[in-house]
Every structure is written in structure tokens, then in C-alpha cells.
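Engineer: 3D, please:
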Amino acid sequence: MRVSTLLAGAAVALSMIHGPATAADYTFKFGHAASSRHAFQTGVEMFAKAVAEKTGGRVEIEVIGDRQLGDDKQLLEGVQLGTIDGALVSSPTFPLAAGAVAVDALQLPFVVTSYDQLAAVLAGPVGQKILDSLSEKGMKGLSYYEAGLRHFLSRAKPVKSLADFQGLKTRIVPIPLHKATWEAVGTNPVGMPYGEVYSGLETGVIDAVEINLSSIESENLYQNAREVTLTGHYFWPGILIMNQARFDGLPDDIKQALVEAGHETIAEHYAFVRDDEARVAAELKSKGVTINQLDNLDEMRARTAPVVEQWSAKDPLIGEFIATVRKGS
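Structural biologist: Next up, the predicted model:
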């Protein structure tokens, strides 16, 4: 008997035992630029699971992290062009690479005070308006997932007062909002791709970075910088996007499932990141990281308040976002 015949017989026997293999009707690859150990990975996995459940397995979403499909800018541009199905992209990339100024609302310094508050606003009408505003840029906004409240990581000395910020070469995403914010604090902002932060701290090209605890852990930044200051200046939402034309071409029930899955997992993921922050802080301490408090946080808020006022007039959605947050406070 031929080997091919034996193999065919074995395949039939297996199918009788386990049932016929079924493939999804639609398979999409969604990328992100963070580590596969990062909270962004968890967020997209929550979305993928919800979509599979809502569609009875008709839609399969493969989550691809570790910058395998590119950095944030490459992911956003790939989604716009249709060469990438979907991606979770850090919010500052949208004004940087797509001119989506309204997204600046998500990172105004000291406007939002808690994970729960931000989750409620993003799952509400103004959050949906920001997602919908991306359609004119060729992107379907589906959801928000959080990387974590931003703090300050320095390599040479602890930062415990505003005076300690002065002149520090601090990595930022090079958007006007971040530049204005960190100049107001007194640092020397340095635009740098996320993937270069590790080597930048290692070589001293930068002195510090404003960043979330989850990234310090997952990107191993603690190996080159061990002084964290808990400033909590703004959050770091990622926006889950899909190519608009590809989304529009899907059956209505599949589109509905994608939208519902995105909306329904916002609060779940924000609660996960909120609760995980204490674990991450403890893990960093065990690796030799010192966690500091800023003596004059109120003064830092006061210095950055004019930036919030200036940005509130740049787009109607930014003003609406601020008003919504403050109304619910």
C-alpha cells in the first residue's frame, strides 16, 4: 500500500474522531508595536476573543506584537493603505502621522484622574466621536486599550522635585502637545522612536523617558534606568483601527460584531490595567528599581495647565472631551 494511501486513511479516521476541521470565514491580522508581554497584547486578545464569540468562530483575529508588522507609524500607515488588516496604535501617532488633531484630547496633562473615569468617557459618546473622526483618514476606529498611566523614568539620578527635571534629555513622541508639555515642565524633549528607547538610555543619548510602568517591565528598560517618579501626568490609550474600505466591504453582521466587541471590552481592559499596575510596580522593585514620589506635583500641574487651555481650542472634540471629563469628576 502506498504511503499516500495510508496518510489519506489516517486523515479520514482522525476526522471521524475529532470532526471535520473548520476554517474561519474571515481571518485578520492585527498588529501592535509593544512587546507580546505588554498590556496592549492583552487588549487585542480580549477583542479577538469577543469577536470569535460573537461570530461563532466565523472571524479569527491573529494578534501580532513585538513590532513584527512595524512600529506605530508603520502600522497606522499600513492600515490606511490596506496592506495591514488592523492594528492597535498608540494615540499620539494619530496627530503625528495622520493629522488627527482630535486624538490629542486623550493625552492632555492631568485632565483625567483615574482609569475608571477614562474608560467611562471613551466608552461614551465623545469617545465614539473620536473613533468616528478617523474614517476621513481611511481608518475605522473600533476600540481603545490602555498601556497605563505615564510616569517618569531617569537613568542617572532620582527626580523628586521640579528642579530635578531641568534640562534632562527626555524622550517624547515628537508631537506638539508632548513638546509643549515637557518644555513647560523644564526638560529638554527629544523625539525618538519607541524601539530606540532601550539603546538611548543605555548609551546616554537620553537621560530619561516619560513612560508607563508596563513598558518599563516588558521592554526591560529597568536594565538601563532604575529611578521611577510617580507623576501620573496622562494616560496612554491605544486606538484599535481597521482599514475603512475593508471594514465597509464586510457583511453587516460581521461589522456589527467587530464594533460591539470593541465597545464592550474597553471597560474590561481598563480594569485589567488598573489592577495590574500594583503588580508591575512590585515586580520592578524586585529588579532594583526605586519608586519615588514628586514633592511638588501640584506645581507640575500648574505649569502644564496653560497647555491644556491652549489645546482645548485646537479642535471641537478636544473641548468636548475636556468638558465631559470635568462634568463627570
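Engineer: switch to C-alpha atoms for all contacts and neighbour counts from now on
Structural biologist: Fine.
Engineer: so where's the stretch 101-250 of the chain shaky on pLDDT?
Structural biologist: Counting by pLDDT under 70, not a single residue of the stretch 101-250 of the chain qualifies.
Engineer: and the strands in it?
Structural biologist: 139-146, 150-154, 169-172, 188-191, 208-212, 227-230, 237-243 (DSSP state E, counting those that start in this stretch).
Engineer: redo those as a markdown table? Include distance to residue 257 and mean neighbour count.
Structural biologist: Output for the strands of the stretch 101-250 of the chain, formatted as a markdown table (distance: least, CA to CA, whole Å; neighbours: other CA atoms under 10 Å):
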| stretch | distance to residue 257 | mean neighbour count |
| --- | --- | --- |
| strand 139-146 | 11 | 26 |
| strand 150-154 | 32 | 24 |
| strand 169-172 | 36 | 23 |
| strand 188-191 | 38 | 20 |
| strand 208-212 | 31 | 25 |
| strand 227-230 | 38 | 23 |
| strand 237-243 | 14 | 26 |
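Engineer: can you say which of the ones you listed is nearest to residue 263?
Structural biologist: For residue 263, the closest of the strands of the stretch 101-250 of the chain is strand 139-146, at 5.9 Å, according to CA to CA.
Engineer: in the protein, which residue is closest to the centre?
Structural biologist: Residue closest to the average C-alpha location in the chain (CA atoms, centre = their mean): residue 238, at 2.8 Å.
Engineer: that one: what's it in contact with?
Structural biologist: Applying CA atoms under 8 Å, 6 or more residues apart in numbering to residue 238 gives the contacts 40, 88, 89, 90, 91, 144, 145, 146, 147.
Engineer: how about the fourth one: what's its closest non-neighbour residue?
Structural biologist: In this structure, residue 90 finds its nearest non-sequential neighbour in residue 238, 4.2 Å apart by CA to CA, 6 or more residues apart in numbering.
Engineer: need the longest helix for the chain.
Structural biologist: If each helix of the chain is counted by residues according to DSSP state H, the longest one is helix 266-286.
Engineer: buried sites along it?
Structural biologist: 266, 267, 269, 270, 273, 274, 277, 280, 281, 284 (16 or more other CA atoms under 10 Å).
Engineer: dump it to CSV, keeping only the CA atoms.
Structural biologist: Provided in CSV are the C-alpha atoms of helix 266-286 (Å, rounded to 0.1, in the frame of the first residue of the first chain):
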residue,chain,number,x,y,z
ILE,A,266,-13.0,48.9,26.8
ALA,A,267,-14.0,48.8,30.5
GLU,A,268,-12.7,45.2,30.9
HIS,A,269,-9.2,46.2,29.7
TYR,A,270,-9.0,49.4,31.7
ALA,A,271,-9.9,47.5,34.8
PHE,A,272,-7.2,44.9,34.0
VAL,A,273,-4.5,47.6,33.5
ARG,A,274,-5.7,49.4,36.7
ASP,A,275,-5.4,46.3,38.8
ASP,A,276,-2.2,45.2,37.2
GLU,A,277,-0.2,48.4,38.0
ALA,A,278,0.5,47.4,41.6
ARG,A,279,1.9,44.0,40.4
VAL,A,280,4.1,45.7,37.9
ALA,A,281,5.4,48.2,40.4
ALA,A,282,6.2,45.3,42.8
GLU,A,283,8.0,43.4,40.0
LEU,A,284,10.1,46.5,39.1
LYS,A,285,11.1,47.0,42.8
SER,A,286,12.2,43.4,42.9
